[in-house]
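K.L.:
structure of the sequence below:
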Amino acid sequence: MTVPEVDFELETWRMVLFRKGPRADEISGEMALELRARHLAAARAQQEAGTLRLAGAIPAPSAALPVTGVAFFRTSEEETRAILDADPAEQAGLIASEIVGFVCPRGTLG
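P.N.:
Predicted structure coming up:
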């Protein structure tokens, strides 16, 4: 990742883009609700642990950008991947995630 040269301090986060998972269409509505609840519980646990700073859903993803949610982790890429791989909704294929680096002025995300 190319980081711009600026006259202030930057910090790097892991931004996670969530999309519809490979098995989402095969999962019943009731099971999808349960998996989403478990996904949110896992996210709250990560927030309490201090590894997840901010996360939220995109209620109306577009065809051009089919992202259903975004999260910002304060962990390495490997640690972030391990957290995501343990997520029940990702394990079931309801959601899929992509990790990208995100650079911003220090303190922007807290």
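K.L.:
going forward, measure contacts between C-alpha atoms and count neighbours the same way
P.N.:
OK.
K.L.:
Ala49 versus Ile95, what's the distance?
P.N.:
22 Å (Cα to Cα, to the nearest Å).
K.L.:
what residues of the lengthiest helix in the chain count as buried?
P.N.:
Secondary structure of the chain per DSSP state H: the longest helix is helix 29-49. Across helix 29-49, burial judged by 16 or more other Cα atoms under 10 Å covers Ala32, Leu35, Arg36, His39, Leu40, Ala42, Ala43.
K.L.:
just for this structure, where's the confidence low?
P.N.:
The model of the chain has pLDDT under 70 over residues 1, 3-4.
K.L.:
please enumerate the helices of it.
P.N.:
Taking DSSP H as the criterion, the chain carries its helices at 29-49, 77-85, 88-92.
K.L.:
out of those, which is closest to Trp13?
P.N.:
helix 77-85 (9.1 Å; Cα to Cα).
K.L.:
now do the closest one: which elements does it pack against?
P.N.:
Judged by 3 or more Cα pairs under 8 Å, 6 or more residues apart in numbering; DSSP states H and E, the packing partners of helix 77-85 are strand 95-105.
K.L.:
show me what the strand it packs on is packed against.
P.N.:
strand 10-20, helix 77-85, helix 88-92.
K.L.:
need these in TSV (columns: mean neighbour count and distance to Arg53).
P.N.:
As requested, the helices and strands packed on strand 95-105 are arranged in TSV below (neighbours: other Cα atoms under 10 Å; distance: least, Cα to Cα, whole Å):
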stretch	mean neighbour count	distance to Arg53
strand 10-20	19	9
helix 77-85	15	12
helix 88-92	20	19
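K.L.:
will you turn these into TSV that also has distance to Gly101?
P.N.:
Formatted as TSV, the helices and strands packed on strand 95-105 follow (distance: least, Cα to Cα, whole Å):
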stretch	distance to Gly101
strand 10-20	5
helix 77-85	8
helix 88-92	20
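K.L.:
among those, which is nearest Arg106?
P.N.:
So among these, strand 10-20 is nearest, using Cα to Cα, at 4.9 Å.
K.L.:
cool, thanks, signing off.
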